[in-house]
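J.: Next come a sequence and a model predicted from it.
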Amino acid sequence: MRLHKPYISAAAAVVVSSLGIAAYQHLPEGNPTPAPETAAVVQDAAAPATGQPAEAPAAPPTTAPPKPQYPDRLPGLGPKTLSQIPANARQVVLVTGAGKKSPKSEVVLYERVDGGWRPGAVWNAHNGYKGWTDEHYAGDLHSPIGVFGLTDAGGLLADPGTKLTYHRSNAFSTDATGFLGESLAGSFDYVIAINYNRQPGTSPMNGAAPMGANRGMGIWIHVDHGGPTHACVSIAKAHMKQLLRVLDPADHPVVVMGDAASLAR
């Protein structure tokens, strides 16, 4: 009995080839020419014909986003005002009044970065009931125009995480009412002392007045109560907490405050 060579179909050859076994096809006797449907060795689709691993396509080149350009000088300030800002100040709380006699203003925190002044958000604020003055006196209901340091903070509530020296005291509580009949309760939950006629490095409650008590004292940035102040600047409670957490004595923060026309001098 004569045994024939085993025959493997083209489909089977593909399976065998995929297992790394050389595929072959039976050739009928007497016909040395391969049949048209001879199976070729199947290459791994994931590898090139050379047998080397396929290279991952090159990642497209990435372009770094351009650096934001910040103004090299604080907007809205004239030469007189700019000359009063210390050279080492890298944080400026800019309070711009809506008008010389207006109790409304806007607050923006500027920080010195990359040679320019990066602005923060614009916050609505209140200032003195009768607006602004270059020469403030006790009880005149104006906020003083000028540039003043910010070194000390405090309030009725616990320190929210400021780097400024913080003085907590129950003395910051009040049950008074404002000019519009609004309650002042909570207005002094957080305060930042404005260094106008005061001794820096002391509690905001310190009554020392180097220029004399008649020139007014106790002028702060504090929590807004929905109406004008006696001379302070007030902003929303959430903004007070944010400002307290950002101000850093190492950046020598100052407040620049006044109506727009006066600040532009």
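T.: On my side now, so go ahead. Numbering: from 1, shown residues only.

J.: Check the burial of residue 130 by counting its neighbours.
T.: Burial of residue 130 is recorded as 17 neighbouring residues (other CB atoms under 10 Å). Where you see a C-beta, it was placed from the backbone N, CA and C, and this is true even at glycine.

J.: and the nearest residue to it once chain neighbours are set aside, how many neighbours?
T.: Spatial nearest neighbour of residue 130, chain neighbours left out: residue 141 (4.3 Å); criterion: CB to CB, 6 or more residues apart in numbering. Counted by other CB under 10 Å, the residues lying close to residue 141 total 17.

J.: wait, residue 141 sits on residue 132?
T.: No. If you go by CB atoms under 8 Å, residue 141 and residue 132 don't touch, sitting 10.7 Å apart.

J.: Could you tell me the per-residue confidence at the residue nearest to residue 130?
T.: Looking at residue 141, its pLDDT is 98.

J.: need the contact list for it.
T.: Contacts of residue 141 were listed using CB atoms under 8 Å, 6 or more residues apart in numbering, and they are 128, 129, 130, 228, 230, 231.

J.: same check, this time on residue 249
T.: Contacts of residue 249 by CB under 8 Å, 6+ apart are 151, 163, 164.

J.: what about 10 Å?
T.: By CB atoms under 10 Å, 6 or more residues apart in numbering, the contact set of residue 249 is 91, 149, 150, 151, 152, 162, 163, 164, 165.

J.: One more: residue 109?
T.: Contacts for residue 109 (CB under 10 Å, 6+ apart) come out as 91-94, 118-123, 239, 242-243, 246-247, 253, 255.

J.: Just those residues: which are in strands?
T.: Among these, the members falling in strands (DSSP state E) are 91, 92, 93, 94, 118, 119, 120, 121, 122, 123, 255.

J.: For residue 223, see how far away the fourth one is.
T.: Just to be clear, that refers to residue 94. Residue 94 sits 19 Å away from residue 223, going by CB to CB, to the nearest Å.

J.: Since that was my last question, I'll sign off now.
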